[in-house]
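Chemist: give me the fold of what follows.
(chains A and B)
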Amino acid sequence: MYKLNDYEILRNEPLTDAVWRMVLAGDTQYITASGQFVDIALEGRFLRRPISVCDYDAATLTLVYKVVGDGTEQMSRMRAGERLELLTGLGNGFSIGEEVRRPLLLGGGVGVPPLYNLAKRLLAGGLPVQVVLGFNTASEVFFADEFRALGCDVTVATADGSLGVRGFVTTAIAERQPDFDYFYACGPLPMLRALSEAVEQDGQLSFEERMGCGFGACMGCSCKTKQGSKRICKEGPVLAKGEVIW
Amino acid sequence: MIDTSVILSGLRLDNPVIPASGTFGYGNEFREFYDINILGSFSFKGTTREARFGNPTPRIAECTQGMINAVGLQNPGIDRVIAEELPRLRSFFHKPVIANISGFSVEEYAYCCERIDREEQVGLIEVNVSCPNVRHGGMSFGTSPEAAAEVTRAVKAVTTKPVYIKLSPNVTDIVAIARACEEAGADGLCLVNTMLGMRIDLRRRRPVIANTMGGFSGPAIFPVAVRMVYQVAKACSVPVIGCGGVRSARDVIEMMMAGATAVEVGAANLVNPYASKEIVEALPVEMERLGIERLSDIIGAVE
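Modeler: Here you go, the predicted model:
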């Protein structure tokens, strides 16, 4: 179930040169799972912008987004007090299976944010949470401290070696050999594919695609899976490792 | 007393507002937002004989006041539409639906229309002739008067329900094609489908859409649609369903003044899921403001 509503911007601040955090106040009752997304209407832009929910509580939601085009650039210029119209509660989000004991969270770049609320939920369920975050370079790293503050065991990898493990998320797994029985991942397609091949354990992966509507009507974001065609916006963005066709 | 009803070839609609094919699925996604029984009707997702995944992604690109899609007729195929989608639709939509049918050969059009014609909930068949004809080098049926007429004749021969041909705007003379369909027995016409467009990713120096080109829709094409509806309605005597860039009750009225009997709302549904509902609700208000008592009185009223 989802809903169209108005939200007030409480804060909008840069975390790195390109990544911003926006905190919005408004109705969050339709957000039911970590890893769901919202679809944001922007003045003068025809299509909405789908952005994953980083965190939420009863009255606020936090979006962490990367400025990659005109729309997100426009978002970064918005100030506290301004309002946005959002469709919330979109997508399936991550599901937390009862059998998971030692989860590993894997985030690459702007794929990191939706793992934050998931980490909170897993910790609240009494599980130890290990997190591996991958970035290009030290200046692009964000949220490592936020995950540490929650109580997660955090490993950072940078492609150029300027911070933490030199290499990708998969390099960090190979080097550190974390003990885990299930993984949750969000990041660029090459990362998802590489780790899906490198890791024996089962897990869930959150995908990205260009969308028209965000709620399953236009069929713009369909992808083929072993269980037939799925809409990234509706039956996704989270797919089980076993159903993905690479 | 304000009267918003219109009649399409004997099919009475409470109002002329019809979500356009490809923007409304088989109705299911929108029932989570509102009771879709307030609509005049809706035109379901373009359906073909076989199930289709469609084109590779990305298949959506944003434009100024519009969007390009190259979905490529993704649909579950006529068998599953009849076995699964229509029974489910019956549970929450209690009005006749418009069946949008596509094909890649004249035989496929005839086969699908004959099957869907037997379905009780289908009130009208809308035939999309913008698809490529695989037997003739992939040229769209809708770009040639002869090919469009051939499809029309084949479909009319196997159906009992009103048949409306949905025309492509990507032609030199839409009136010639409209006339050819009318002469071949079409009960009505629907225009326009999307306009062929393209966007380029400047960093990658590649088309945004994996399929290179796609159908451009949205408010930007509204004036083109109004012009074509005007030309066709003047030249033909069958009813016209206007389509293209409609996003408000005022747009609906403008399209009707140009000659449309009913009006489809497309891309607007995708950016505001309540768009069609809001248009239905705004219609009586706009009519009152403009001194229109009976909406059907303004069809082709432009002087």
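Chemist: tally up the residues packed near the residue nearest to residue B:164 when sequence neighbours are not counted, please.
Modeler: Among residues not flanking residue B:164 along the chain, residue B:188 sits closest, at 4.1 Å (Cβ to Cβ, 6 or more residues apart in numbering or on different chains). Any C-beta I mention is one placed from the backbone N, CA and C, and that applies to glycine too. For residue B:188, the count of nearby residues is 23 (other Cβ atoms under 10 Å in any protein chain shown).
Chemist: can you give me the pLDDT of residue B:188?
Modeler: At residue B:188, the pLDDT value in this model is 98.
Chemist: in this structure it contacts residue B:242, no?
Modeler: No - Residue B:188 sits out of contact with residue B:242 when judged by Cβ atoms under 8 Å, with a separation of 11.4 Å.
Chemist: quick check: closest non-adjacent residue to the residue in chain A sticking out farthest from the centre.
Modeler: Computed with Cα atoms, centre = their mean, the residue of chain A farthest from its C-alpha average is residue A:44, at 26.1 Å. Nearest residue to residue A:44 in three dimensions, chain neighbours excluded: residue A:74, at 7.7 Å (Cβ to Cβ, 6+ apart).
Chemist: for the one you found, what are its contacts?
Modeler: Neighbour list for residue A:74: A:42, A:43, A:44, A:45 [criterion: Cβ atoms under 8 Å, 6 or more residues apart in numbering or on different chains].
Chemist: list the buried ones in the helix or strand encompassing it?
Modeler: Element membership for residue A:74 (DSSP states H and E) is helix A:70-76. Residues of helix A:70-76 classed as buried by neighbour count (16 or more other Cβ atoms under 10 Å in any protein chain shown): A:71, A:72, A:74, A:75, A:76.
Chemist: which element follows the longest strand along chain A toward the C-terminus?
Modeler: Across chain A, the longest stretch assigned as strand under DSSP state E is strand A:3-14. Per DSSP H and E, the first helix or strand lying C-terminal to strand A:3-14 is strand A:19-25.
Chemist: chain center to that following strand, what's the gap?
Modeler: 14 Å (Cα atoms, centre = their mean, to the nearest Å).
Chemist: ok, residue 67 - contacts?
Modeler: If you meant another chain, say so; for now it's chain A. Counted by Cβ under 8 Å, 6+ apart, residue A:67 has contacts A:18, A:19, A:20, A:73, A:75, A:76.
Chemist: the intended chain is chain B.
Modeler: Per Cβ under 8 Å, 6+ apart, neighbours of residue B:67: A:46, A:47, A:212, B:60, B:61, B:216, B:217, B:218, B:267, B:270.
Chemist: that older thread, of the contacts of residue A:67, closest to residue B:298?
Modeler: Using Cβ to Cβ, residue A:75 is the member of the contacts of residue A:67 that lies nearest residue B:298, at 41.7 Å.
Chemist: hang on, isn't that closest one packed against residue A:24?
Modeler: No - counting by Cβ under 8 Å, residue A:75 sits too far from residue A:24 to count as a contact (11.0 Å).
Chemist: got a markdown table for the contacts of residue B:67, with neighbour count, secondary structure and pLDDT too?
Modeler: Converted to a markdown table, the contacts of residue B:67 look like this (neighbours: other Cβ atoms under 10 Å in any protein chain shown; DSSP: H, G, I helix; E, B strand; the rest coil; pLDDT from 0 to 100):
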| residue | neighbour count | secondary structure | pLDDT |
| --- | --- | --- | --- |
| A:46 | 20 | coil | 97 |
| A:47 | 27 | coil | 97 |
| A:212 | 26 | coil | 96 |
| B:60 | 24 | strand | 97 |
| B:61 | 24 | strand | 97 |
| B:216 | 25 | strand | 96 |
| B:217 | 30 | strand | 97 |
| B:218 | 25 | coil | 98 |
| B:267 | 32 | coil | 98 |
| B:270 | 27 | helix | 97 |
